[in-house]
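Student: okay, predicted coordinates and the sequence, questions at the end:
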Amino acid sequence: MKKWIEEDWEFTVTVTDGRAEQCRLGFERNDRFRCGYETPSGFCPKTMPVLYTLCEIIRCGGSFKARGSDKDYEIEFGCADGPVRFRLSARKRDT
């Protein structure tokens, strides 16, 4: 595969709440995932649509404040099944 677009944003997803026995994938507090445009390795496929939508807000020039966050590039969200919580942080890459 040959990538032809250089991504200008990178994202970090951190588990902020939840226990391994509550999650089919065993996520627990402080687990961390990093990605650009790709799906983070090992991330929950059921929650991926929410993550993708939030990342697109930033890629399109938006802010998480419109989604209720008090910060432009950081937001909390829950997993599709409910017991795990995540914090998504966006950072503009140096070009």
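Tutor: Thanks, I have the structure now. Numbering: from 1, shown residues only.
Student: what bridges to the residue nearest to S41 when sequence neighbours are not counted?
Tutor: Spatially, and ignoring its direct neighbours in sequence, S41 is nearest to F33 (7.4 Å; C-beta to C-beta, 6 or more residues apart in numbering). All C-beta spots, glycine's among them, are computed from the backbone N, C-alpha and C. Per DSSP bridges, the residues bridged to F33 are V13.
Student: ok, F33 - how many residues close by?
Tutor: 19 (other C-beta atoms under 10 Å).
Student: one more: A80?
Tutor: A count of neighbours around A80, defined by other C-beta under 10 Å, yields 12.
Student: and for D17?
Tutor: Applying other C-beta under 10 Å, we find 16 residues neighbouring D17.
Student: now it, nearest residue through space, not along the chain?
Tutor: With C-beta to C-beta, 6+ apart as the criterion, D17 has its nearest non-adjacent residue at 4.0 Å, and that residue is R85.
Student: tell me the mean pLDDT over the helix or strand containing L88?
Tutor: In the assignment (DSSP states H and E), L88 maps to strand 85-92. Per-residue pLDDT over strand 85-92 has a mean of 98.
Student: which stretches of the protein form strands?
Tutor: Remark: strands assigned in the chain by DSSP state E are 9-17, 32-35, 74-78, 85-92.
Student: re earlier: distance of the residue nearest to S41 relative to I57?
Tutor: Separation of F33 from I57 (C-beta to C-beta, to the nearest Å) stands at 18 Å.
Student: just for the protein, where's the confidence low?
Tutor: 95 (pLDDT under 70).
Student: my guess is the residue nearest to D17 contacts V13. True?
Tutor: No: if you go by C-beta atoms under 8 Å, R85 and V13 don't touch, sitting 10.8 Å apart.
Student: among these two, which residue is more densely surrounded?
Tutor: It is V13, of R85 and V13, that has more neighbours when counted by other C-beta under 10 Å, with 23 against 16.
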